[in-house]
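S.K.: Predicted model, plus sequence, below.
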Amino acid sequence: MKQLRLIFVARHEIIEPLGMLYLLGLARDLGWEAFPVLVKQFDFTPLYEAVKSFRPDLVCFSIWTGYHVLAFQAAEKVRAMGVPVAIGGPHATFSTEQSADHADWIVKGDGFRAFRLLLQGSLEKGVYFNPKHDEDFPLPNRGLVYRHYPEFGKNPIKSIICSTGCPFQCTYCYAPHRNEMIGGFRLELRSIEDIIREARAVLEKYPVHMFYMQDDVFGFRLDWLQEFARRWKTEVGIPWHCQIRLEMTRDQRRLDLFREGGCTGVTLAIESGNDFLRHHVLFRPMPDELIVEGIRRIQARGLTLRTEQILQVPFSNLETDLQTLELNTRLEPTIAWASILAPYGGTNMGTIAGKFGFYNPDNDALCDTFFDRSVLRHTGDGREVLEPIVRGACRDAKDHPLIRMKTERNEKGVEAYFEDDNLVVLPGMASESPRHCFSFLDEATNSRYCDQVVVLQRLFNWAAKVPQGHKLMEKFLALPKEKWNWRTLGIFTRRHLQCGYGDRIVEWEWRLTEAFSGILPSGVIENPFYFTFLPSGPEFAKRLCVVGFFDVSDPAQQLDVLGQETRHWLYDHALYLVEPASPPIATI
(Lines give C-alpha, C1' and ligand atoms only; values in the text may rest on other atoms or scores of the structure.)
Protein backbone atom coordinates (compact mmCIF):
# COMPACT_ATOMS: atom_id res chain seq x y z
CA MET A 1 0.00 0.00 0.00
CA LYS A 2 1.35 3.42 -1.01
CA GLN A 3 2.47 5.61 1.88
CA LEU A 4 0.53 8.87 1.77
CA ARG A 5 2.46 12.12 1.67
CA LEU A 6 1.81 15.60 2.95
CA ILE A 7 3.60 18.94 2.89
CA PHE A 8 3.16 21.20 5.91
CA VAL A 9 3.67 24.94 5.33
CA ALA A 10 4.26 27.64 7.94
CA ARG A 11 6.16 30.90 8.27
CA HIS A 12 9.85 30.73 9.19
CA GLU A 13 10.48 32.46 12.51
CA ILE A 14 13.34 32.65 14.98
CA ILE A 15 11.40 30.40 17.36
CA GLU A 16 10.94 26.82 16.25
CA PRO A 17 7.46 26.19 14.76
CA LEU A 18 5.83 24.39 17.68
CA GLY A 19 2.44 23.87 16.06
CA MET A 20 4.08 22.24 13.05
CA LEU A 21 6.30 20.07 15.27
CA TYR A 22 3.35 18.62 17.17
CA LEU A 23 1.14 18.10 14.12
CA LEU A 24 3.94 16.43 12.21
CA GLY A 25 4.33 14.15 15.20
CA LEU A 26 0.72 13.11 14.75
CA ALA A 27 1.28 12.59 11.00
CA ARG A 28 4.25 10.33 11.83
CA ASP A 29 2.13 8.32 14.26
CA LEU A 30 -0.52 7.85 11.55
CA GLY A 31 1.99 6.60 9.03
CA TRP A 32 2.20 9.62 6.72
CA GLU A 33 5.43 10.71 5.08
CA ALA A 34 5.79 14.45 5.59
CA PHE A 35 7.86 17.32 4.23
CA PRO A 36 8.08 20.65 6.11
CA VAL A 37 8.29 24.00 4.28
CA LEU A 38 9.01 27.13 6.29
CA VAL A 39 8.49 30.24 4.20
CA LYS A 40 11.21 32.89 4.38
CA GLN A 41 10.63 36.50 3.30
CA PHE A 42 7.28 35.62 1.67
CA ASP A 43 9.02 33.45 -0.95
CA PHE A 44 6.86 30.40 -1.66
CA THR A 45 9.13 29.09 -4.43
CA PRO A 46 10.48 26.24 -2.23
CA LEU A 47 6.87 25.13 -1.68
CA TYR A 48 6.12 24.91 -5.40
CA GLU A 49 9.36 23.03 -6.00
CA ALA A 50 8.50 20.61 -3.19
CA VAL A 51 5.05 19.98 -4.65
CA LYS A 52 6.65 19.02 -7.97
CA SER A 53 9.37 16.79 -6.49
CA PHE A 54 7.68 15.33 -3.40
CA ARG A 55 4.31 14.78 -5.12
CA PRO A 56 2.16 15.12 -1.97
CA ASP A 57 -1.38 13.90 -1.52
CA LEU A 58 -2.17 16.89 0.70
CA VAL A 59 -0.71 20.31 1.51
CA CYS A 60 -1.50 21.87 4.89
CA PHE A 61 -1.00 25.55 5.69
CA SER A 62 -0.76 27.08 9.16
CA ILE A 63 -1.52 30.77 8.60
CA TRP A 64 -1.08 33.82 10.82
CA THR A 65 -2.73 37.13 10.10
CA GLY A 66 -0.37 39.43 8.28
CA TYR A 67 1.05 37.00 5.77
CA HIS A 68 -2.31 35.45 4.96
CA VAL A 69 -2.86 37.24 1.64
CA LEU A 70 0.29 35.79 0.07
CA ALA A 71 -0.38 32.43 1.75
CA PHE A 72 -3.83 32.33 0.17
CA GLN A 73 -2.27 32.98 -3.24
CA ALA A 74 0.14 30.12 -2.62
CA ALA A 75 -2.71 27.84 -1.56
CA GLU A 76 -4.58 28.61 -4.78
CA LYS A 77 -1.50 27.83 -6.85
CA VAL A 78 -1.06 24.50 -5.06
CA ARG A 79 -4.70 23.63 -5.75
CA ALA A 80 -4.17 24.56 -9.40
CA MET A 81 -1.32 22.04 -9.41
CA GLY A 82 -3.89 19.36 -8.52
CA VAL A 83 -3.21 18.98 -4.80
CA PRO A 84 -5.94 19.49 -2.17
CA VAL A 85 -5.29 22.05 0.54
CA ALA A 86 -6.16 22.33 4.24
CA ILE A 87 -5.74 25.60 6.14
CA GLY A 88 -5.54 26.01 9.91
CA GLY A 89 -3.93 28.37 12.39
CA PRO A 90 -5.01 31.67 13.93
CA HIS A 91 -6.20 33.31 10.72
CA ALA A 92 -8.36 30.33 9.79
CA THR A 93 -9.81 30.35 13.30
CA PHE A 94 -10.77 34.02 13.42
CA SER A 95 -11.22 34.80 9.71
CA THR A 96 -12.86 31.52 8.79
CA GLU A 97 -15.05 32.65 5.90
CA GLN A 98 -12.19 34.42 4.14
CA SER A 99 -9.95 31.38 4.57
CA ALA A 100 -12.63 29.01 3.28
CA ASP A 101 -12.40 30.55 -0.17
CA HIS A 102 -8.87 29.22 -0.58
CA ALA A 103 -8.92 25.66 0.75
CA ASP A 104 -10.72 22.35 0.63
CA TRP A 105 -10.68 21.99 4.42
CA ILE A 106 -10.63 24.72 7.07
CA VAL A 107 -9.66 23.84 10.63
CA LYS A 108 -11.06 26.33 13.12
CA GLY A 109 -9.63 26.26 16.62
CA ASP A 110 -7.82 23.28 18.13
CA GLY A 111 -6.24 21.31 15.29
CA PHE A 112 -5.29 17.92 16.72
CA ARG A 113 -8.65 16.17 16.36
CA ALA A 114 -9.30 17.70 12.94
CA PHE A 115 -5.82 16.80 11.70
CA ARG A 116 -6.27 13.22 12.83
CA LEU A 117 -9.62 12.91 11.06
CA LEU A 118 -8.20 14.56 7.96
CA LEU A 119 -5.26 12.16 7.73
CA GLN A 120 -7.52 9.21 8.43
CA GLY A 121 -9.70 10.26 5.49
CA SER A 122 -12.85 10.81 7.54
CA LEU A 123 -13.06 14.60 7.54
CA GLU A 124 -15.61 16.04 5.14
CA LYS A 125 -14.56 19.03 3.07
CA GLY A 126 -15.54 22.40 4.46
CA VAL A 127 -15.12 24.02 7.87
CA TYR A 128 -14.40 21.85 10.89
CA PHE A 129 -14.73 23.18 14.43
CA ASN A 130 -14.58 21.14 17.60
CA PRO A 131 -15.00 23.24 20.77
CA LYS A 132 -13.72 20.37 22.90
CA HIS A 133 -10.08 19.62 23.63
CA ASP A 134 -10.22 15.84 23.32
CA GLU A 135 -6.86 14.97 21.81
CA ASP A 136 -3.58 14.72 23.71
CA PHE A 137 -0.40 16.37 22.47
CA PRO A 138 1.60 13.93 20.34
CA LEU A 139 5.35 13.67 20.75
CA PRO A 140 6.63 16.31 18.29
CA ASN A 141 8.54 15.31 15.18
CA ARG A 142 11.55 17.51 15.84
CA GLY A 143 13.89 15.27 13.90
CA LEU A 144 12.10 15.87 10.61
CA VAL A 145 12.01 19.66 10.97
CA TYR A 146 15.55 19.85 12.34
CA ARG A 147 16.90 17.85 9.37
CA HIS A 148 15.42 20.35 6.92
CA TYR A 149 16.09 23.41 9.10
CA PRO A 150 19.19 22.57 11.19
CA GLU A 151 19.28 26.06 12.75
CA PHE A 152 16.46 24.96 15.05
CA GLY A 153 18.28 21.82 16.14
CA LYS A 154 21.43 23.84 16.88
CA ASN A 155 19.56 26.52 18.80
CA PRO A 156 20.35 26.12 22.51
CA ILE A 157 16.79 27.13 23.43
CA LYS A 158 14.04 24.62 22.74
CA SER A 159 10.34 25.31 23.26
CA ILE A 160 7.56 23.27 24.86
CA ILE A 161 3.84 23.90 25.39
CA CYS A 162 2.59 22.70 28.76
CA SER A 163 -0.93 24.15 28.67
CA THR A 164 -3.34 26.05 26.46
CA GLY A 165 -5.87 28.71 27.35
CA CYS A 166 -5.84 32.21 28.84
CA PRO A 167 -8.55 33.78 31.05
CA PHE A 168 -7.61 37.42 30.43
CA GLN A 169 -9.27 39.99 28.18
CA CYS A 170 -6.47 41.90 26.41
CA THR A 171 -7.98 43.83 23.51
CA TYR A 172 -5.17 43.12 21.05
CA CYS A 173 -5.43 39.35 21.49
CA TYR A 174 -7.82 36.75 20.09
CA ALA A 175 -7.84 34.71 23.33
CA PRO A 176 -11.08 36.29 24.66
CA HIS A 177 -12.83 35.41 21.41
CA ARG A 178 -11.47 31.89 21.51
CA ASN A 179 -13.00 31.56 24.97
CA GLU A 180 -16.35 32.71 23.58
CA MET A 181 -16.10 30.15 20.79
CA ILE A 182 -15.50 27.22 23.15
CA GLY A 183 -18.03 28.28 25.78
CA GLY A 184 -15.72 29.96 28.29
CA PHE A 185 -12.18 29.83 29.55
CA ARG A 186 -10.68 26.38 29.93
CA LEU A 187 -7.12 25.70 30.99
CA GLU A 188 -6.04 22.54 29.22
CA LEU A 189 -3.07 21.09 31.08
CA ARG A 190 -0.78 18.43 29.66
CA SER A 191 0.23 15.68 32.01
CA ILE A 192 3.56 16.27 33.68
CA GLU A 193 4.62 12.78 32.65
CA ASP A 194 4.04 13.72 29.01
CA ILE A 195 5.99 16.99 29.31
CA ILE A 196 8.97 15.29 30.94
CA ARG A 197 8.93 12.57 28.30
CA GLU A 198 9.10 15.24 25.58
CA ALA A 199 11.91 17.15 27.32
CA ARG A 200 13.99 14.03 27.86
CA ALA A 201 13.55 13.02 24.24
CA VAL A 202 14.99 16.40 23.21
CA LEU A 203 17.91 16.08 25.62
CA GLU A 204 18.87 12.69 24.20
CA LYS A 205 19.52 14.09 20.72
CA TYR A 206 19.99 17.85 20.72
CA PRO A 207 21.91 20.59 22.55
CA VAL A 208 19.75 22.34 25.14
CA HIS A 209 20.75 25.25 27.35
CA MET A 210 17.19 26.19 28.26
CA PHE A 211 13.58 25.24 27.63
CA TYR A 212 11.10 28.04 26.92
CA MET A 213 7.59 27.23 28.15
CA GLN A 214 5.41 28.90 25.52
CA ASP A 215 2.16 28.81 27.54
CA ASP A 216 0.27 32.09 27.81
CA VAL A 217 0.00 31.71 31.60
CA PHE A 218 2.46 29.08 32.75
CA GLY A 219 1.88 27.69 36.24
CA PHE A 220 -1.65 29.08 36.47
CA ARG A 221 -2.72 26.18 38.71
CA LEU A 222 -0.57 25.91 41.81
CA ASP A 223 -1.27 22.22 42.48
CA TRP A 224 -0.03 21.33 39.00
CA LEU A 225 2.97 23.63 39.39
CA GLN A 226 3.99 22.04 42.68
CA GLU A 227 4.29 18.61 41.09
CA PHE A 228 5.90 20.03 37.95
CA ALA A 229 8.60 21.90 39.90
CA ARG A 230 9.47 18.83 41.95
CA ARG A 231 9.65 16.41 39.04
CA TRP A 232 11.29 18.71 36.49
CA LYS A 233 14.18 19.52 38.83
CA THR A 234 15.01 15.86 39.45
CA GLU A 235 14.01 14.24 36.13
CA VAL A 236 15.07 16.92 33.62
CA GLY A 237 17.23 19.44 35.48
CA ILE A 238 17.52 21.97 32.65
CA PRO A 239 16.79 25.70 33.28
CA TRP A 240 13.55 27.07 31.88
CA HIS A 241 11.87 30.38 31.09
CA CYS A 242 8.14 31.05 31.15
CA GLN A 243 5.42 33.62 30.46
CA ILE A 244 3.00 34.82 33.13
CA ARG A 245 0.69 37.69 34.05
CA LEU A 246 1.54 40.20 36.74
CA GLU A 247 -1.61 39.20 38.63
CA MET A 248 0.00 35.79 39.13
CA THR A 249 2.77 37.32 41.27
CA ARG A 250 0.30 38.12 44.05
CA ASP A 251 0.67 34.58 45.37
CA GLN A 252 4.38 34.41 46.09
CA ARG A 253 4.30 30.65 46.41
CA ARG A 254 4.17 30.55 42.61
CA LEU A 255 7.41 32.48 42.24
CA ASP A 256 9.06 30.33 44.90
CA LEU A 257 8.04 27.21 42.99
CA PHE A 258 9.41 28.69 39.80
CA ARG A 259 12.77 29.19 41.42
CA GLU A 260 12.78 25.80 43.13
CA GLY A 261 11.87 24.05 39.89
CA GLY A 262 14.71 25.54 37.86
CA CYS A 263 13.12 28.63 36.34
CA THR A 264 15.71 31.30 35.56
CA GLY A 265 13.55 33.99 33.96
CA VAL A 266 10.08 35.32 33.30
CA THR A 267 8.39 37.24 30.49
CA LEU A 268 5.34 39.37 31.25
CA ALA A 269 3.52 42.31 29.68
CA ILE A 270 3.07 45.80 31.07
CA GLU A 271 1.94 47.19 27.67
CA SER A 272 1.62 50.84 28.76
CA GLY A 273 2.91 53.14 31.46
CA ASN A 274 -0.33 55.10 31.26
CA ASP A 275 -3.07 53.82 33.54
CA PHE A 276 -5.97 54.97 31.35
CA LEU A 277 -4.61 53.26 28.23
CA ARG A 278 -3.73 50.14 30.19
CA HIS A 279 -7.14 49.81 31.81
CA HIS A 280 -9.60 51.14 29.26
CA VAL A 281 -7.91 50.65 25.87
CA LEU A 282 -5.86 47.52 26.46
CA PHE A 283 -8.24 45.95 29.04
CA ARG A 284 -5.41 45.26 31.47
CA PRO A 285 -6.66 46.77 34.77
CA MET A 286 -3.33 46.58 36.59
CA PRO A 287 -2.57 49.45 38.96
CA ASP A 288 0.97 50.79 39.08
CA GLU A 289 1.37 49.31 42.55
CA LEU A 290 0.76 45.78 41.24
CA ILE A 291 3.28 46.29 38.44
CA VAL A 292 6.02 47.62 40.70
CA GLU A 293 5.40 45.14 43.49
CA GLY A 294 5.14 42.13 41.16
CA ILE A 295 8.33 42.96 39.34
CA ARG A 296 10.22 43.57 42.56
CA ARG A 297 9.14 40.12 43.76
CA ILE A 298 10.45 38.52 40.58
CA GLN A 299 13.74 40.39 40.78
CA ALA A 300 14.15 39.56 44.46
CA ARG A 301 14.29 35.88 43.53
CA GLY A 302 17.13 36.43 41.09
CA LEU A 303 15.02 35.75 37.99
CA THR A 304 15.76 37.56 34.75
CA LEU A 305 12.85 39.56 33.41
CA ARG A 306 11.52 40.65 30.05
CA THR A 307 8.76 43.23 30.07
CA GLU A 308 6.63 43.73 26.97
CA GLN A 309 4.84 46.90 25.86
CA ILE A 310 2.82 48.17 22.92
CA LEU A 311 3.39 51.67 21.58
CA GLN A 312 0.91 53.82 19.62
CA VAL A 313 -2.39 52.33 20.71
CA PRO A 314 -5.62 54.33 20.19
CA PHE A 315 -5.65 57.55 22.25
CA SER A 316 -1.88 57.42 22.79
CA ASN A 317 0.61 60.17 21.99
CA LEU A 318 4.35 60.57 22.35
CA GLU A 319 3.86 61.57 25.99
CA THR A 320 2.17 58.27 26.89
CA ASP A 321 4.72 56.26 24.91
CA LEU A 322 7.49 57.97 26.85
CA GLN A 323 5.58 57.24 30.07
CA THR A 324 5.96 53.58 29.20
CA LEU A 325 9.69 54.03 28.76
CA GLU A 326 9.93 55.98 32.02
CA LEU A 327 8.22 53.17 33.92
CA ASN A 328 10.72 50.69 32.53
CA THR A 329 13.70 52.85 33.46
CA ARG A 330 12.44 52.76 37.05
CA LEU A 331 11.70 49.03 37.02
CA GLU A 332 15.04 48.04 35.45
CA PRO A 333 13.99 44.81 33.71
CA THR A 334 16.62 42.67 32.03
CA ILE A 335 15.11 43.63 28.68
CA ALA A 336 12.28 46.06 27.91
CA TRP A 337 10.77 44.70 24.70
CA ALA A 338 8.54 47.09 22.76
CA SER A 339 6.27 46.70 19.75
CA ILE A 340 4.02 48.95 17.66
CA LEU A 341 0.33 48.11 17.61
CA ALA A 342 -1.16 46.03 14.82
CA PRO A 343 -4.96 46.45 15.30
CA TYR A 344 -6.27 43.11 14.11
CA GLY A 345 -9.86 43.07 12.95
CA GLY A 346 -11.94 40.65 15.01
CA THR A 347 -10.27 41.67 18.28
CA ASN A 348 -11.64 44.24 20.70
CA MET A 349 -8.71 46.45 19.74
CA GLY A 350 -9.86 46.25 16.13
CA THR A 351 -13.35 47.20 17.28
CA ILE A 352 -12.09 50.24 19.21
CA ALA A 353 -9.79 51.34 16.40
CA GLY A 354 -12.61 51.09 13.87
CA LYS A 355 -15.37 52.58 15.97
CA PHE A 356 -13.40 55.68 16.92
CA GLY A 357 -11.93 56.24 13.47
CA PHE A 358 -8.31 55.36 14.16
CA TYR A 359 -8.21 52.62 11.54
CA ASN A 360 -10.50 50.69 9.26
CA PRO A 361 -9.85 47.17 10.55
CA ASP A 362 -8.57 45.60 7.35
CA ASN A 363 -6.36 42.65 8.16
CA ASP A 364 -5.30 42.41 4.53
CA ALA A 365 -3.38 45.69 4.94
CA LEU A 366 -1.48 44.61 8.05
CA CYS A 367 2.00 43.16 8.15
CA ASP A 368 2.96 40.10 10.17
CA THR A 369 5.48 41.94 12.32
CA PHE A 370 4.96 44.05 15.42
CA PHE A 371 7.76 46.46 14.58
CA ASP A 372 6.35 48.21 11.51
CA ARG A 373 5.30 51.83 11.37
CA SER A 374 1.87 52.52 12.87
CA VAL A 375 -1.10 52.27 10.52
CA LEU A 376 -3.34 54.32 12.83
CA ARG A 377 -4.63 57.83 12.37
CA HIS A 378 -3.86 59.35 15.76
CA THR A 379 -5.54 62.00 17.88
CA GLY A 380 -4.08 64.91 19.78
CA ASP A 381 -6.96 65.54 22.19
CA GLY A 382 -8.89 62.25 22.28
CA ARG A 383 -7.57 60.98 25.58
CA GLU A 384 -8.00 64.38 27.24
CA VAL A 385 -11.63 64.55 26.06
CA LEU A 386 -12.72 60.98 26.78
CA GLU A 387 -10.69 59.92 29.81
CA PRO A 388 -12.93 61.62 32.44
CA ILE A 389 -16.03 60.38 30.61
CA VAL A 390 -14.84 56.79 30.41
CA ARG A 391 -13.58 56.70 33.99
CA GLY A 392 -16.85 58.13 35.22
CA ALA A 393 -18.91 55.63 33.26
CA CYS A 394 -16.90 52.57 34.26
CA ARG A 395 -19.00 50.32 36.46
CA ASP A 396 -16.30 47.90 37.62
CA ALA A 397 -12.94 46.45 36.59
CA LYS A 398 -14.57 44.22 33.99
CA ASP A 399 -16.66 46.95 32.36
CA HIS A 400 -15.42 48.40 29.07
CA PRO A 401 -17.06 51.77 28.36
CA LEU A 402 -15.22 52.26 25.04
CA ILE A 403 -16.96 49.17 23.71
CA ARG A 404 -20.34 50.44 24.93
CA MET A 405 -19.92 53.93 23.48
CA LYS A 406 -21.51 55.04 20.22
CA THR A 407 -19.71 57.22 17.72
CA GLU A 408 -20.48 59.44 14.77
CA ARG A 409 -17.99 61.00 12.36
CA ASN A 410 -18.10 64.64 11.36
CA GLU A 411 -15.83 67.07 9.53
CA LYS A 412 -13.97 67.90 12.75
CA GLY A 413 -13.39 64.36 13.97
CA VAL A 414 -15.50 61.96 16.02
CA GLU A 415 -18.41 62.48 18.40
CA ALA A 416 -18.58 59.84 21.13
CA TYR A 417 -21.50 59.28 23.48
CA PHE A 418 -23.48 56.78 25.49
CA GLU A 419 -27.09 56.10 24.62
CA ASP A 420 -27.95 56.58 28.30
CA ASP A 421 -27.39 60.32 28.81
CA ASN A 422 -27.10 59.85 32.56
CA LEU A 423 -23.74 58.19 32.06
CA VAL A 424 -21.95 61.08 30.38
CA VAL A 425 -22.85 64.26 32.29
CA LEU A 426 -20.45 64.44 35.20
CA PRO A 427 -20.66 66.95 38.09
CA GLY A 428 -18.43 69.95 37.59
CA MET A 429 -18.03 69.52 33.84
CA ALA A 430 -18.05 72.72 31.83
CA SER A 431 -20.11 71.25 29.03
CA GLU A 432 -23.44 69.55 29.56
CA SER A 433 -23.43 68.07 26.06
CA PRO A 434 -23.88 64.28 26.02
CA ARG A 435 -21.69 64.14 22.90
CA HIS A 436 -17.95 64.59 23.22
CA CYS A 437 -15.93 65.45 20.16
CA PHE A 438 -12.24 64.87 19.56
CA SER A 439 -10.14 65.51 16.48
CA PHE A 440 -7.36 63.75 14.63
CA LEU A 441 -3.85 64.93 13.93
CA ASP A 442 -3.33 66.47 10.53
CA GLU A 443 -1.46 64.33 8.03
CA ALA A 444 1.96 65.89 8.60
CA THR A 445 1.73 65.75 12.41
CA ASN A 446 0.43 62.20 12.33
CA SER A 447 3.26 61.17 10.03
CA ARG A 448 5.86 62.72 12.32
CA TYR A 449 4.42 60.99 15.38
CA CYS A 450 4.55 57.64 13.54
CA ASP A 451 8.15 58.30 12.53
CA GLN A 452 9.08 59.24 16.11
CA VAL A 453 7.71 56.01 17.51
CA VAL A 454 9.55 53.88 14.95
CA VAL A 455 12.78 55.41 16.28
CA LEU A 456 11.62 55.02 19.89
CA GLN A 457 10.84 51.35 19.32
CA ARG A 458 14.29 50.70 17.84
CA LEU A 459 16.01 52.35 20.80
CA PHE A 460 13.60 51.25 23.57
CA ASN A 461 15.66 48.32 24.93
CA TRP A 462 18.73 50.49 25.27
CA ALA A 463 17.03 53.68 26.46
CA ALA A 464 15.37 51.75 29.31
CA LYS A 465 18.86 51.10 30.69
CA VAL A 466 20.01 54.73 30.56
CA PRO A 467 19.36 56.88 33.66
CA GLN A 468 16.36 59.08 32.84
CA GLY A 469 16.36 57.51 29.41
CA HIS A 470 12.87 58.81 28.70
CA LYS A 471 14.13 62.38 29.00
CA LEU A 472 17.00 61.65 26.63
CA MET A 473 14.58 60.19 24.08
CA GLU A 474 12.19 63.11 24.47
CA LYS A 475 14.97 65.52 23.48
CA PHE A 476 16.28 63.30 20.70
CA LEU A 477 12.84 62.77 19.14
CA ALA A 478 12.16 66.52 19.22
CA LEU A 479 14.91 66.95 16.61
CA PRO A 480 14.11 67.18 12.90
CA LYS A 481 13.83 63.75 11.31
CA GLU A 482 17.04 64.15 9.31
CA LYS A 483 19.00 64.35 12.60
CA TRP A 484 17.82 60.98 13.91
CA ASN A 485 21.06 59.18 13.35
CA TRP A 486 23.80 57.33 15.22
CA ARG A 487 26.17 60.27 15.50
CA THR A 488 23.55 62.71 16.80
CA LEU A 489 22.34 60.12 19.30
CA GLY A 490 25.91 59.95 20.58
CA ILE A 491 26.13 63.72 20.98
CA PHE A 492 22.83 63.91 22.87
CA THR A 493 23.69 60.92 25.04
CA ARG A 494 26.96 62.52 26.10
CA ARG A 495 25.19 65.79 26.99
CA HIS A 496 22.51 63.88 28.86
CA LEU A 497 25.02 61.94 30.97
CA GLN A 498 27.20 64.96 31.71
CA CYS A 499 24.35 66.25 33.88
CA GLY A 500 24.92 64.14 36.97
CA TYR A 501 27.55 61.66 35.79
CA GLY A 502 30.28 63.97 34.44
CA ASP A 503 33.22 62.40 36.28
CA ARG A 504 32.00 58.84 35.87
CA ILE A 505 31.47 58.99 32.12
CA VAL A 506 35.17 59.72 31.69
CA GLU A 507 35.91 56.41 33.42
CA TRP A 508 33.23 54.59 31.39
CA GLU A 509 34.64 55.84 28.10
CA TRP A 510 38.19 54.98 29.18
CA ARG A 511 37.19 51.40 30.06
CA LEU A 512 35.51 50.97 26.68
CA THR A 513 38.60 52.36 24.93
CA GLU A 514 40.82 50.01 26.91
CA ALA A 515 38.90 47.03 25.53
CA PHE A 516 39.93 48.21 22.05
CA SER A 517 43.61 48.49 23.04
CA GLY A 518 43.39 52.26 23.40
CA ILE A 519 41.88 53.17 20.03
CA LEU A 520 38.12 53.18 19.43
CA PRO A 521 36.89 52.55 15.87
CA SER A 522 35.45 55.68 14.29
CA GLY A 523 31.87 54.41 14.44
CA VAL A 524 32.15 53.47 18.10
CA ILE A 525 33.75 56.77 19.09
CA GLU A 526 30.74 58.65 17.68
CA ASN A 527 28.46 57.07 20.30
CA PRO A 528 30.55 55.24 22.90
CA PHE A 529 28.00 55.34 25.71
CA TYR A 530 25.57 53.18 23.77
CA PHE A 531 27.83 50.26 24.67
CA THR A 532 28.49 51.11 28.30
CA PHE A 533 24.96 50.24 29.42
CA LEU A 534 24.84 46.79 27.81
CA PRO A 535 26.29 43.52 29.12
CA SER A 536 29.65 42.76 27.50
CA GLY A 537 29.37 46.16 25.83
CA PRO A 538 32.82 46.14 24.18
CA GLU A 539 32.06 42.77 22.58
CA PHE A 540 28.76 44.16 21.30
CA ALA A 541 30.62 47.08 19.74
CA LYS A 542 32.91 44.59 18.02
CA ARG A 543 29.85 42.64 16.90
CA LEU A 544 28.43 45.74 15.19
CA CYS A 545 31.74 46.25 13.41
CA VAL A 546 31.64 42.66 12.15
CA VAL A 547 28.07 42.83 10.82
CA GLY A 548 28.81 46.08 8.99
CA PHE A 549 26.53 48.27 11.05
CA PHE A 550 28.80 51.30 10.74
CA ASP A 551 28.90 50.91 6.96
CA VAL A 552 25.13 51.33 6.59
CA SER A 553 24.59 54.77 5.08
CA ASP A 554 20.82 55.13 5.49
CA PRO A 555 20.06 56.31 9.08
CA ALA A 556 16.63 54.64 9.23
CA GLN A 557 18.04 51.32 8.03
CA GLN A 558 20.90 51.67 10.49
CA LEU A 559 18.45 52.11 13.37
CA ASP A 560 16.53 49.03 12.17
CA VAL A 561 19.73 47.00 12.35
CA LEU A 562 20.64 48.49 15.73
CA GLY A 563 17.28 47.65 17.26
CA GLN A 564 17.41 44.05 16.09
CA GLU A 565 21.04 43.50 17.06
CA THR A 566 20.53 45.03 20.52
CA ARG A 567 17.43 42.95 21.15
CA HIS A 568 19.16 39.68 20.29
CA TRP A 569 22.31 40.62 22.19
CA LEU A 570 20.22 41.11 25.33
CA TYR A 571 18.44 37.80 24.73
CA ASP A 572 21.70 35.86 24.59
CA HIS A 573 23.80 37.80 27.11
CA ALA A 574 21.22 38.87 29.69
CA LEU A 575 17.77 37.30 29.51
CA TYR A 576 18.56 33.69 28.59
CA LEU A 577 22.30 33.81 29.35
CA VAL A 578 23.17 31.37 26.59
CA GLU A 579 26.43 33.28 26.20
CA PRO A 580 28.78 34.31 29.04
CA ALA A 581 28.61 38.03 29.73
CA SER A 582 30.38 40.64 31.78
CA PRO A 583 28.40 43.34 33.62
CA PRO A 584 27.78 46.68 31.91
CA ILE A 585 30.62 49.18 32.18
CA ALA A 586 28.25 51.87 33.44
CA THR A 587 27.17 51.20 37.00
CA ILE A 588 24.76 53.65 38.58
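M.R.: That came through, no problem.
S.K.: Do a quick rundown of the helices in the stretch 301-450 of the chain.
M.R.: Here the stretch 301-450 of the chain has its helices, by DSSP state H, counting those that start in this stretch, at 318-331, 348-355, 382-393, 401-404, 443-463.
S.K.: Against which helices or strands is the first one packed?
M.R.: Okay, so that is helix 318-331. Helices and strands touching helix 318-331, by 3 or more CB pairs under 8 Å, 6 or more residues apart in numbering; DSSP states H and E, are strand 263-271, helix 288-300, strand 304-311, strand 335-340, helix 443-463, helix 469-477. (Each C-beta comes from the backbone N, C-alpha and C, glycine too.)
S.K.: Ile192 and Gly19: what is the separation?
M.R.: From Ile192 across to Gly19, the span is 22 Å (CB to CB, to the nearest Å).
S.K.: hang on, I meant Asp503
M.R.: 54 Å.
S.K.: For those two, indicate the residue with more neighbours.
M.R.: Neighbours per residue (other CB atoms under 10 Å) separate Asp503 from Gly19, with Gly19 holding more: 16 against 7.
S.K.: The more buried one and Met349, how far apart?
M.R.: Counting by CB to CB, the separation of Gly19 from Met349 is 23 Å.
S.K.: now do Arg200
M.R.: As judged by CB to CB, Arg200 and Met349 stand 40 Å apart.
S.K.: Have a look at the two and say which one is more surrounded.
M.R.: Using other CB under 10 Å, the more surrounded residue of Arg200 and Met349 is Met349, with 26 against 12.
S.K.: State the pLDDT value of the more buried one.
M.R.: For Met349, the model assigns a pLDDT of 94.
S.K.: same question, Ser431
M.R.: With respect to pLDDT, Ser431 has a value of 49.
S.K.: what's the answer for His133, then?
M.R.: With respect to pLDDT, His133 scores 80.
S.K.: check which helix or strand covers it.
M.R.: Here His133 is covered by no helix or strand, with elements defined by DSSP states H and E.
S.K.: ok, now which ones touch it?
M.R.: His133 is in contact with 110, 164, 186, 188, counting by CB atoms under 8 Å, 6 or more residues apart in numbering.
S.K.: any idea how far Leu366 is from the first one?
M.R.: Distance of Asp110 to Leu366, computed by CB to CB: 25 Å.
S.K.: go on, the last one?
M.R.: Relative to Leu366, Glu188 is positioned 29 Å away (CB to CB).
S.K.: neighbour-wise, which of the two wins?
M.R.: Leu366 (21 against 16).
S.K.: Tell me if I'm right that that one and Thr65 touch.
M.R.: Yes: using CB atoms under 8 Å, Leu366 is in contact with Thr65, at 6.6 Å.
S.K.: what's the overlap in contacts for those two?
M.R.: Common contact partners of Leu366 and Thr65 (CB under 8 Å, 6+ apart): Tyr344.
S.K.: what about the closest residue to Thr96 other than its chain neighbours, neighbour count?
M.R.: Nearest non-adjacent residue to Thr96, counting by CB to CB, 6 or more residues apart in numbering: Lys108, 5.3 Å away. Residues lying near Lys108 (other CB under 10 Å) number 22.
S.K.: ok, now the one 10 residues further on?
M.R.: Number of residues near Leu118 (other CB under 10 Å) recorded here: 25.
S.K.: That one is in what secondary structure piece?
M.R.: Per DSSP H and E: Leu118 is located in helix 112-119.
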